[in-house]
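Undergrad: here is my input, please return the structure:
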Amino acid sequence: MTGDSDGKVARLADRLVDRLRLEPDGADRFVGRAPAAPPRIYGGELAAQALAAANATVDADRAAHVLQCTYLAPGDPAHPLEHNISRVRDGRSFSTRTVQVLNAGRPVLMATVGYHVFETGLTHQLTMPKTPPPEELPPIQDAEGTAWTRWAEQDRDIQMRVVAADVADPVGRRLFWCRAVGDGCDDPRLQTALATYLSDFTMVASIRLPHEPPTVKKYLMSTLSHSVYFHRPIRAGEWQLVDHHSPVAASGRGLAMSHTYSADGTLVMSAVQEGLIRPLPADYG
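TA: Now for the predicted structure:
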């Protein structure tokens, strides 16, 4: 958001954060709204709101370690999102919640969230790829070799800095730095919801990249499922390096995987997404 005043940046950040603070509407029921762009509700918004709703029903001693979402139908931003929570389990170390999200009376998302009380254990991780820092890279609007929609480029709630891509990569690998704009909230649960919002931005695009140039769109991509694994606490308002690729496409579907690193090289989050791949219809606008 270069050129914006501090006040404007803060207002943009507040807008996203406010959408993740849902309105209670009875026992284990919450209501939220999504912006009118894009024409259908962004999948990361659905997942982030579902996680925020589940978070509101869990004791403070445990944090989400996994969010698993199944997308059922496109969401219409003209109607509110109704989040209905089921408290499946509350054990000594783990809790489980399911979330059914309704939009205009029909289910658009089913989510399961697992929570874990913090404990110590074995530690290892992948090494973060070596890249230039975000300050030395172009924003998504000026980068070459990307494959994201105009809406993603113009989303005012995030900043992205893109690492130069190998457009011939056989698995559509892309790396970029990403953060939520102006976020200054210290609530760790809200941070996981913000990170979930960011996690869905680019993954499904990697499935089509091995099959067509980034600037040519011949295939329609729809997300079928999205799973996010929170390994360590994450600060979504700070720069994170996202490394994603598509290891396989077959039977009209493709799989995308991503790893997210904090600036110091710590692997904080991973995600897996399955997408539907179909040729664009002749009347696609």
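Undergrad: for Ser86, list each beta-bridge partner.
TA: Ser86 forms beta bridges with Thr98, as assigned by DSSP bridges.
Undergrad: and it, what pLDDT?
TA: As predicted, Ser86 sits at a pLDDT of 98.
Undergrad: OK, contacts around it?
TA: Residues in contact with Ser86 (Cβ atoms under 8 Å, 6 or more residues apart in numbering) are Asp28, Arg97, Thr98, Val99, Gln100. C-beta here means a position set from N, CA and C on the backbone, and glycine is covered the same way.
Undergrad: return the member of those residues nearest to Leu194.
TA: Relative to Leu194, the closest of the contacts of Ser86 is Val99; by Cβ to Cβ it sits at 17.3 Å.
Undergrad: roughly how far apart are that closest one and Arg19?
TA: Remark: distance between Val99 and Arg19 (Cβ to Cβ, to the nearest Å) = 16 Å.
Undergrad: show me which of those two is the more surrounded one.
TA: Neighbours per residue (other Cβ atoms under 10 Å) separate Val99 from Arg19, with Val99 holding more: 26 against 20.
Undergrad: residues contacting that one?
TA: 50-51, 53-54, 83-86, 109-113.
Undergrad: one more time with 6 Å, if that's ok
TA: Ala50, Ala53, Ala54, His83, Ile85, Ala111 (Cβ atoms under 6 Å, 6 or more residues apart in numbering).
Undergrad: let me know the secondary structure of His245.
TA: Three-state assignment for His245 (DSSP: H, G, I helix; E, B strand; the rest coil): strand.
Undergrad: wait, Trp239 touches Pro133, no?
TA: No - counting by Cβ atoms under 6 Å, Trp239 does not reach Pro133; the two are 8.0 Å apart.
Undergrad: how about the helices in the stretch 101-250 of the chain?
TA: With DSSP state H, counting those that start in this stretch as the criterion, the stretch 101-250 of the chain has helices at 150-154, 188-199, 205-208.
Undergrad: quick one: these as JSON lines, columns for distance to Tyr42 and mean pLDDT too.
TA: JSON lines is the format used below for the helices of the stretch 101-250 of the chain (distance: least, Cβ to Cβ, whole Å; pLDDT from 0 to 100):
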{"stretch": "helix 150-154", "distance to Tyr42": "8", "mean pLDDT": "65"}
{"stretch": "helix 188-199", "distance to Tyr42": "8", "mean pLDDT": "93"}
{"stretch": "helix 205-208", "distance to Tyr42": "13", "mean pLDDT": "88"}
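Undergrad: any chance of those helices in CSV, with mean neighbour count and distance to Ser227 too?
TA: Listed next are the helices of the stretch 101-250 of the chain as CSV, based on neighbours: other Cβ atoms under 10 Å; distance: least, Cβ to Cβ, whole Å:
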stretch, mean neighbour count, distance to Ser227
helix 150-154, 12, 21
helix 188-199, 24, 10
helix 205-208, 25, 16
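Undergrad: for Arg40, find the nearest of the ones you listed.
TA: Arg40 sits nearest to helix 150-154 of all the helices of the stretch 101-250 of the chain, at 10.2 Å, using Cβ to Cβ.
Undergrad: need the three-state assignment for the residue nearest to Leu241 when sequence neighbours are not counted.
TA: Sequence neighbours aside, Tyr261 is the residue nearest to Leu241 in space, at 4.5 Å (criterion: Cβ to Cβ, 6 or more residues apart in numbering). At Tyr261, secondary structure determined by three-state DSSP is strand.
Undergrad: any idea what Tyr261 is bridged to?
TA: Beta-bridge partners of Tyr261, counted by DSSP bridges, are Leu241, Leu267.
Undergrad: please give me every residue in contact with it.
TA: Met128, Leu241, Leu267.
Undergrad: what about Gly44, which SS state?
TA: Three-state call for Gly44 (three-state DSSP): helix.
Undergrad: now it. Nearest residue, chain neighbours left out?
TA: Excluding the flanking residues, the one nearest Gly44 by Cβ to Cβ, 6+ apart is Asp200, at 3.3 Å.
Undergrad: any low-confidence regions in the stretch 51-200 of the chain?
TA: Counting by pLDDT under 70, the stretch 51-200 of the chain shows low-confidence ranges at 147-153, 182-184.
Undergrad: going along the chain, name the strands of it.
TA: Under the criterion DSSP state E, counting those that start in this stretch, the stretch 51-200 of the chain contains strands at 62-71, 81-90, 94-103, 106-117, 158-162, 174-180.
Undergrad: among the ones you listed, which comes closest to Val228?
TA: With Cβ to Cβ as the measure, strand 62-71 is the member of those nearest Val228 (4.6 Å).
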